[in-house]
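Asker: fold the following for me, if possible:
(chains A and B)
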2 protein chains.
Amino acid sequence: MTPPRPHAGDAVLNLSTPLPVIDEDRLAGNIKRVQDYMSAHNLAFRPHIKTHKIPALAAQQVAAGATGINCQKITEAEVFADAGFQDILITFNILGAEKHTRLAALNERISGLKVVADSLETVRGLADHFAGHKPLTVLVECDTGGGRCGVQTPEDAVVLSHAIVSSDGLQFGGLMTYPRPHGEAAVEQFFTATIAALAKDGIACPIRSNGGTPSLFSAHLVPSATEHRAGTYIYNDRSMVRAGHCSLDDCAMHILATVVSRPTPDRAILDAGSKALTSDLLGFSDYGLIVGYPEAVITGISEEHATVDLSKIVGVRPEIGEKIRIVPNHTCVVSNLFDIMTFHRNGVVTRVEDVAARGLVW
Amino acid sequence: MTPPRPHAGDAVLNLSTPLPVIDEDRLAGNIKRVQDYMSAHNLAFRPHIKTHKIPALAAQQVAAGATGINCQKITEAEVFADAGFQDILITFNILGAEKHTRLAALNERISGLKVVADSLETVRGLADHFAGHKPLTVLVECDTGGGRCGVQTPEDAVVLSHAIVSSDGLQFGGLMTYPRPHGEAAVEQFFTATIAALAKDGIACPIRSNGGTPSLFSAHLVPSATEHRAGTYIYNDRSMVRAGHCSLDDCAMHILATVVSRPTPDRAILDAGSKALTSDLLGFSDYGLIVGYPEAVITGISEEHATVDLSKIVGVRPEIGEKIRIVPNHTCVVSNLFDIMTFHRNGVVTRVEDVAARGLVW
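Answerer: From the prediction side, this is the model:
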């Protein structure tokens, strides 16, 4: 049988659940607000498509002024290249012959492919494969306090930049970092020290790519950056409200769920579990915020159920069959669960998009 | 471009990552061990397909002796009905006109569809829709200590059973529970009290369905049960090892990952994050067990990266480019992330199956 799929014109509150839905006006507002900020500060903006994985949404971001897109996986980049995107930065250390082969094919297809590297191993692997092919642009990933990937010091960044510069088949693209929130000063320090040292050696550093949504509106505090990358801002979520990036009314994604059981006066069970909300806590102790029932607490989830503690609700409690809306803790992982995403304006479905770049192994 | 897909004959350790892989022999061993136990105790066995979502695997379970399958969503049941399965129990309260319509269509297609209900609201909704159609079999869900859905007492189970019996379009199927682990005594008490009370009213209770993997090998301590349901046992995972259900060598699913960065002597970064492992902790404080490096701790995950603390490793530490294998905390949610699942025997790929019932909204 054909899987269920909402249609334009459907009333959202009549749709079967669980179902993530996106408010078109909030989505457009989030795109515009962030692009306006970047444009005002002369920062190129490169949205990360991990949050939505939908080419039509990246097209909206580019139409608003984004200069390119950011992917995290080769398969994501392939989907967006198929959709016509040319300027794609994959912020990942890419290793291994099979990936190198696909990366080279992608590099032949689009004009602006870029990747990052934080080790000689990654650079040598790329250099060995790309020698004799169309050169691949490689940025050096810098750990400016995020504590994930990245060279640890400007001195190490310089060493790795030289390795890229001296490799046939590679072109040095500049620097990239995924900083800790509010880590602007550390990014600026790392970037300026590296840029200065490279300049002494006669090496230009055309791209300096900073990133992250939580403190996005402080991106101008890194004047050495030429571009900023962010993903979550397009939908926003409960963690971004907590971070002060946005308000609850800027959260474009709600997960529609239905109260399917009220086993006790204090307990409600919803039809949205870890396979709809994910188990991402991101520092919260519960699994999302229920719109209209702020005292209700999603205390537990299993795969297809959420358990809600109603004991703190003073007034009317949700009834069996009632549709409720959940602001998820983390929106990017929700997109990754479903084959389709449903959009609406004022509660009426506007379109349904395939989440084209999800489900792929690497 | 066509997404990457391994092929039979490929060496697993040459495959690009991240990639969940299933050991055929462990899989077969898990199926046989549990089925042998159920058969020895004259318990019908109904595997829950939520763990794999692959018809070919359910076929293996049925070939071994399972009498039917368990689904949690209508769309899952539809995929398995398309694949020829006739005896399907959906252990969910199904509410709403659109779902009732699809459920009725499914009921016309297969001979053994069954659902559960734990409220008069659910029963009335089903009864209103199914009156005049082929009758739908409904079991009463009982909360025997699991604390999720289910009527709270045998008295309430009797009341709801009567409501089903007296509804045109519905047929009373019996009782169902998803118990807490090692809750056998509570299940037995609840079932026997309900069965006895219904017998006094002349109502037979043909199916008494118990469930769960963690204390599966104690299922015989519920003699009133006619069948047992379990999902996780087919792959097993770290949480099942901790529960004492199995050993690490019975974990059929490993997630292949690659060390993509070694930014500091104590830190390794893998290319498997919450979009490969999920963020399910299930009581653990870390995100999976690395085979061969038991002292390594996956302290954090972002969407496409895992951060590993190597500081406790006494001997050799993993190097950039090295492939490692992770036993996930929870296998069922990993299956739900990927469009394909790769199987191997002794490290050589045997087959690649589509995870056919994943990604569907409800």
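Asker: residue A:140 and residue A:117 touch, don't they?
Answerer: Yes: using Cβ atoms under 8 Å, residue A:140 makes contact with residue A:117 at a distance of 6.5 Å. Quick note: C-beta positions are derived from backbone N, CA and C, even for glycine.
Asker: show me whatever sits in contact with both of these two.
Answerer: Residues touching both residue A:140 and residue A:117 (Cβ atoms under 8 Å, 6 or more residues apart in numbering or on different chains): A:160, A:164.
Asker: gap between the longest strand anywhere in chain A and the chain center?
Answerer: Selection of the longest strand in chain A by residue count, based on DSSP state E, yields strand A:253-264. With Cα atoms, centre = their mean, to the nearest Å as the basis, strand A:253-264 stands 27 Å off its chain's centre.
Asker: do the same with stretch A:285-297
Answerer: How far stretch A:285-297 lies from its chain's middle: 24 Å, per Cα atoms, centre = their mean.
Asker: and stretch A:293-300, by the same measure?
Answerer: The chain centroid and the centroid of stretch A:293-300 are separated by 26 Å under Cα atoms, centre = their mean.
Asker: now the end-to-end length of that stretch.
Answerer: Using Cα to Cα, to the nearest Å, the span of stretch A:293-300 from its first residue to its last is 16 Å.
Asker: ditto for stretch A:48-61
Answerer: 10 Å.
Asker: and for stretch A:349-362?
Answerer: The straight-line separation of the ends of stretch A:349-362 (Cα to Cα) is 32 Å.
Asker: all helices of the stretch 201-350 of chain A, in order?
Answerer: A:238-242, A:331-335 (DSSP state H, counting those that start in this stretch).
Asker: out of those, which is closest to chain B?
Answerer: Distance to chain B, taken as Cβ to the nearest Cβ, is lowest for helix A:331-335 among the helices of the stretch 201-350 of chain A, at 5.7 Å.
Asker: elements contacting the closest one?
Answerer: Contact partners of helix A:331-335 among helices and strands, from 3 or more Cβ pairs under 8 Å, 6 or more residues apart in numbering or on different chains; DSSP states H and E: strand A:253-264.
Asker: for the helices of the stretch 201-350 of chain A, which one sits closest to residue A:60?
Answerer: Residue A:60 sits nearest to helix A:331-335 of all the helices of the stretch 201-350 of chain A, at 15.1 Å, using Cβ to Cβ.
Asker: pLDDT of that closest one, averaged?
Answerer: For helix A:331-335, mean pLDDT rounds to 97.
Asker: which residues does it contact?
Answerer: Against helix A:331-335 from outside (Cβ under 8 Å, 6+ apart): A:20, A:50-53, A:231-232, A:235-237, A:251, A:253, A:255, A:276-278, A:280, A:328, A:341, A:355, A:358, B:274-275, B:279, B:303.
Asker: what residues sit buried inside the longest strand of chain A?
Answerer: Buried residues in strand A:253-264, counted by 16 or more other Cβ atoms under 10 Å in any protein chain shown: A:253-263.
Asker: closest one of those residues to residue B:111?
Answerer: Checking the buried residues of strand A:253-264 against residue B:111 with Cβ to Cβ, the nearest one is residue A:260 at 26.1 Å.
Asker: how near is that closest one to residue A:120?
Answerer: 55 Å (Cβ to Cβ, to the nearest Å).
Asker: please determine how far residue A:57 is located from residue A:319.
Answerer: As for residue A:57, its distance to residue A:319 is 35 Å (criterion: Cβ to Cβ).
Asker: now the helices of the stretch 201-350 of chain A in TSV, with distance to residue A:98 and mean neighbour count?
Answerer: Output for those, formatted as TSV (distance: least, Cβ to Cβ, whole Å; neighbours: other Cβ atoms under 10 Å in any protein chain shown):
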stretch	distance to residue A:98	mean neighbour count
helix A:238-242	35	20
helix A:331-335	26	26
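Asker: just list the residues touching the closest residue to residue A:218 other than its chain neighbours, thanks.
Answerer: Nearest non-adjacent residue to residue A:218, counting by Cβ to Cβ, 6 or more residues apart in numbering or on different chains: residue A:184, 5.2 Å away. Residues counted as contacts of residue A:184 (Cβ under 8 Å, 6+ apart) are A:215, A:218-219, A:221-222.
Asker: so what are the domain limits for chain A?
Answerer: A:12-20+A:246-354, A:41-234 (automatic domain parsing).
Asker: Throw those domains into CSV and include distance to residue B:34, thanks.
Answerer: Below are the domains of chain A laid out as CSV (distance: least, Cβ to Cβ, whole Å):
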stretch, distance to residue B:34
domain A:12-20+A:246-354, 19
domain A:41-234, 35
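Asker: can you pull the contacts of the residue nearest to residue A:248 when sequence neighbours are not counted?
Answerer: In this structure, residue A:248 finds its nearest non-sequential neighbour in residue A:241, 5.5 Å apart by Cβ to Cβ, 6+ apart. The contact partners of residue A:241, by Cβ under 8 Å, 6+ apart, come to A:247-248, A:250-251, A:327.
Asker: out of those residues, which end up buried?
Answerer: Neighbour-count burial (16+ other Cβ under 10 Å) applied to the contacts of residue A:241 gives A:250-251, A:327.
Asker: quick one: name the residues of the stretch 101-250 of chain A near chain B.
Answerer: Counting by Cβ under 8 Å from any Cβ of the partner chain, the residues of the stretch 101-250 of chain A close to chain B are A:102, A:105, A:118-119, A:121-122, A:125, A:143, A:147-152.
Asker: let's see that with 6 Å instead.
Answerer: A:118-119, A:121, A:143, A:148-150 (Cβ under 6 Å from any Cβ of the partner chain).
Asker: chain B: which of the buried ones among the contacts of residue A:241 is nearest?
Answerer: Among the buried ones among the contacts of residue A:241, residue A:327 lies closest to chain B (Cβ to the nearest Cβ), at 17.4 Å.
Asker: my guess is the closest one meets residue A:236, correct?
Answerer: No: using Cβ atoms under 6 Å, residue A:327 is not in contact with residue A:236; the gap is 8.7 Å.
Asker: isn't residue A:344 up against residue A:11?
Answerer: No: assessed by Cβ under 6 Å, residue A:344 is found out of contact with residue A:11, at 8.8 Å.
Asker: between those two, who's got more neighbours?
Answerer: A count of neighbours by other Cβ atoms under 10 Å in any protein chain shown puts residue A:344 above the other of residue A:344 and residue A:11, at 22 against 11.
Asker: for beta bridges, what are the partners of the more buried one?
Answerer: Beta-bridge partners recorded for residue A:344 (DSSP bridges): residue A:23, residue A:349.
Asker: contacts only, for residue A:90.
Answerer: The contact partners of residue A:90, taken as Cβ atoms under 6 Å, 6 or more residues apart in numbering or on different chains, are A:71, A:77, A:115.
Asker: again, only using 7 Å
Answerer: By Cβ atoms under 7 Å, 6 or more residues apart in numbering or on different chains, residue A:90 lies in contact with A:71-72, A:74, A:77, A:115.
Asker: just to revisit the earlier point, by neighbour count, which of the contacts of residue A:184 wins?
Answerer: For the contacts of residue A:184, the largest number of neighbours (other Cβ under 10 Å) sits with residue A:222, at 26 neighbours.
Asker: about what we covered before: looking at the domains of chain A, which is nearest to residue B:6?
Answerer: domain A:41-234 (9.9 Å).
Asker: report the rounded mean pLDDT for that closest one.
Answerer: pLDDT averaged over domain A:41-234 gives 98.
Asker: and what of stretch A:6-22?
Answerer: pLDDT averaged over stretch A:6-22 gives 97.
Asker: ok, residues contacting that stretch?
Answerer: By Cβ under 7 Å, 6+ apart, stretch A:6-22 touches A:4, A:235, A:252-258, A:271-272, A:276, A:323, A:334, A:338, A:341-344, A:347-352, B:96, B:98-99, B:361-362.
Asker: quick one, which of these are buried?
Answerer: Neighbour counting over the contacts of stretch A:6-22 (16+ other Cβ under 10 Å) leaves A:4, A:235, A:252-258, A:271-272, A:276, A:323, A:334, A:338, A:341-344, A:349, A:352, B:96, B:98-99, B:361-362 as the buried ones.
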